[in-house]
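**Student:** Sequence unavailable; structure follows:
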């Protein structure tokens, strides 16, 4: 009898073409948590889970659906799902609800979680790292889809077991092994929108494309990414982590889409906008709008076009506009005319690209022109050549929010081009310096946590009180740290790197080459435009950061509560990013309580000519800097302190959670 049954089963397997070990070829666990008991409920997750479960069932998946799962519900479901995944070709876990990062680990939150302290996550929440081995047991594809990158509702009241353990918004990057993909509704460290419809923007995009015949799984998520970027006006960017083997995988086989463009429209628009955003040509902007007007970048181009037309219509003669920035990416142009015999004499054509990140030769340095960019070591900052010119430094008495130390107005002239860091010095770049030199930045920093701004132990550029990645600006650094880094660059490259001077900073920030009257910000006077051009204290920060509800924040949302990756916002006309906002920047001067007697050549104002109330003398060494100017404003600063003229002073020994720096470099005359 047993033999006959075995033979019959084997025949059935052969007829159906299904291996006994993979009786359920496709399995899915779908969880939607809306009804949280200890924090405000969420509207969409239950709908998202129901709709995704129905879609997966239509695609041939055996689906288990859980709505408002408790910790026990979710753990039991995962225990039951694990053996099913081992017998499958495809195993999918979809979760919609709250997900948080604690100290670099990601957690999916059941509806009964209290999370009064960070260590409670081990007992009350589900670790994302525990899901990858479960779905990874499938023979063809393991997939985790998380519509869970929302603001952390537990952070404000959660007690930390260690002061360095960050509890932040969004989820942290993951690196799954094997044939496993992990799809986030929003990229690492950012949050996802719930939207206003039945489904979140991410789940709505997933539902729109997952049943498309012939859409390979990698292209599926590219289409989802484009749809979410468009739906959220570029505020939310989904991301997929992991890599699959070369074999193509489909949720729904069929004829491939007739057209598979190498770049999605929003990506084409982003690349084109990088080259167009600083244009002063009406024709160029009109052509951009004709090609990409339906993307979010089309709205930016129309706004820029309106600004240009208003400038033309005004009767007040503006200062001469700066030359358009060329925005070279890595190296000088392919062929540059340079003077022969050093930097003098006749012109010679010299190839300057491609080049590796090594110190410039004298020939290459002479070939540089304003708008060119270069790097002189792998971890060195990318430098942008700023043109010669003049700037009226300071602010007029009529400027709104003006402080007394911003005057008197005076002209500063730069007779030669110089180079300025295109971005802030990043966490990765500062880490390379520390790794090579063993430089000690201490373990204390003034941070804003729990609504209180004070110096805390266990805080540094590595742990500034909020989550950062390698591409974020390094903060919690004092003036001495900035100088030590610049001195290291100078030794490493043999070139004249230094901390940018205060006059160089203001000239580079305003991006004007002739003296005159300027707006409060490099892009204009309106505070409502701040979020388009920089990362300041805004409505995102006000609604996210504990203790920030009373902030006089900008009347807009830039999508970042704390620092953002450098270069996340538009460059100014010199091709420099984050000159206003993200992180405040040390300068090489001593602080004086006004500009009377300030140098007119752009050099650093040190204790030579005048000792004001902000200077001190030490022993017999003469006057030294008691305070240093900090410029540019940051994620922590209100609109008043994001103005191009504003001057904030700090003790050179102070390490503060919103202060970093960028470097400058003298070029061969």
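**Tutor:** Sure thing, it's come through. None of these values were measured; they are calculated from a predicted model.
**Student:** Now do the SS call for the closest residue to residue 631 other than its chain neighbours.
**Tutor:** Leaving aside its sequence neighbours, residue 631 sits nearest to residue 505 (C-beta to C-beta, 6 or more residues apart in numbering; 4.9 Å). Backbone N, C-alpha and C define where each C-beta goes, glycine included. In terms of secondary structure, residue 505 is helix; the call rests on DSSP: H, G, I helix; E, B strand; the rest coil.
**Student:** now residue 366
**Tutor:** helix.
**Student:** Could you measure from it over to residue 174?
**Tutor:** According to C-beta to C-beta, to the nearest Å, residue 366 and residue 174 sit 47 Å apart.
**Student:** Those two: who's more crowded?
**Tutor:** Neighbours were tallied for residue 366 and for residue 174 using other C-beta atoms under 10 Å; the higher tally belongs to residue 366 (22 against 18).
**Student:** pretty sure that one contacts residue 668?
**Tutor:** Yes - with contact defined as C-beta atoms under 8 Å, residue 366 counts as touching residue 668 (6.0 Å).
**Student:** Could you list the low-confidence segments of the chain?
**Tutor:** 1-24, 151-152, 155-170, 189, 256-268, 270-287, 290, 310-356, 608-624 (pLDDT under 70).
**Student:** can you give me the offset of the lengthiest helix in it from its chain's centre?
**Tutor:** In the chain, ranked by residue count with DSSP state H as the criterion, the top helix is helix 296-313. With C-alpha atoms, centre = their mean, to the nearest Å as the basis, the distance from the averaged C-alpha position of helix 296-313 to the chain average is 25 Å.
**Student:** buried sites along it?
**Tutor:** Across helix 296-313, burial judged by 16 or more other C-beta atoms under 10 Å covers 296, 297, 298, 300, 301, 304, 305.
**Student:** Same check on stretch 233-245?
**Tutor:** Across stretch 233-245, burial judged by 16+ other C-beta under 10 Å covers 234, 235, 236, 237, 238, 239, 240, 241, 242, 244.
**Student:** cool, and stretch 383-400?
**Tutor:** Buried residues in stretch 383-400, defined by neighbour count with 16+ other C-beta under 10 Å: 383-387, 389-395, 399.
**Student:** List phi and psi for residue 510.
**Tutor:** Backbone geometry at residue 510, expressed as degrees, to the nearest 10, gives phi -70, psi -30.
**Student:** ok, now the one 4 residues further on?
**Tutor:** Summarising the backbone geometry of residue 514 under the convention degrees, to the nearest 10, its torsions are phi -130, psi 150.
**Student:** show me the contacts for residue 420.
**Tutor:** By C-beta atoms under 8 Å, 6 or more residues apart in numbering, residue 420 lies in contact with 383, 384, 386, 500, 504, 508, 574, 576, 662, 663, 664, 665.
**Student:** And for residue 583?
**Tutor:** Per C-beta under 8 Å, 6+ apart, neighbours of residue 583: 424, 473, 474, 475, 563, 632, 634, 635, 658, 659, 660.
**Student:** Just give me the closest of these to residue 538.
**Tutor:** residue 635 (8.5 Å; C-beta to C-beta).
**Student:** any idea where the helices of the stretch 1-150 of the chain begin and end?
**Tutor:** Residue ranges of the helices in the stretch 1-150 of the chain, as given by DSSP state H, counting those that start in this stretch, are 2-16, 45-58, 71-86, 121-124, 131-135.
**Student:** Just name the most buried of those helices.
**Tutor:** helix 131-135 (a mean of 23; mean count of other C-beta atoms under 10 Å).
**Student:** Residues touching it, excluding its own?
**Tutor:** Taking C-beta under 8 Å, 6+ apart as the criterion, the residues outside helix 131-135 that touch it are 78, 81-82, 85, 91-93, 142-144, 174, 176-177, 180, 182.
**Student:** again, 6 Å this time
**Tutor:** Judged by C-beta atoms under 6 Å, 6 or more residues apart in numbering, the contacts made with helix 131-135 from elsewhere in the structure are 82, 85, 91, 93, 142, 144, 176, 180.
**Student:** sorry, back to before: put the buried members of the contacts of residue 420 into a PyMOL selection.
**Tutor:** To isolate in PyMOL the members of the contacts of residue 420 that are buried, counting by 16+ other C-beta under 10 Å, one can use:
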select buried, resi 383+384+386+500+504+508+574+576+662+663+664+665
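**Student:** Could you export the contacts of residue 420 to JSON lines, including columns for distance to residue 465?
**Tutor:** Output for those, formatted as JSON lines (distance: C-beta to C-beta, whole Å):
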{"residue": "383", "distance to residue 465": "30"}
{"residue": "384", "distance to residue 465": "30"}
{"residue": "386", "distance to residue 465": "33"}
{"residue": "500", "distance to residue 465": "26"}
{"residue": "504", "distance to residue 465": "30"}
{"residue": "508", "distance to residue 465": "29"}
{"residue": "574", "distance to residue 465": "32"}
{"residue": "576", "distance to residue 465": "27"}
{"residue": "662", "distance to residue 465": "22"}
{"residue": "663", "distance to residue 465": "25"}
{"residue": "664", "distance to residue 465": "29"}
{"residue": "665", "distance to residue 465": "31"}
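**Student:** Just the contacts of residue 420: which are in helices?
**Tutor:** Among the contacts of residue 420, the members falling in helices are 504, 508 (criterion: DSSP H).
**Student:** how about residue 465, what does it touch?
**Tutor:** Neighbour list for residue 465: 447, 449, 459, 657 [criterion: C-beta under 6 Å, 6+ apart].
**Student:** ok, those vs residue 438, which is closest?
**Tutor:** Taking the contacts of residue 465 together and measuring to residue 438 by C-beta to C-beta, the closest member is residue 459, at 20.0 Å.
**Student:** Alright, that wraps it up for me.
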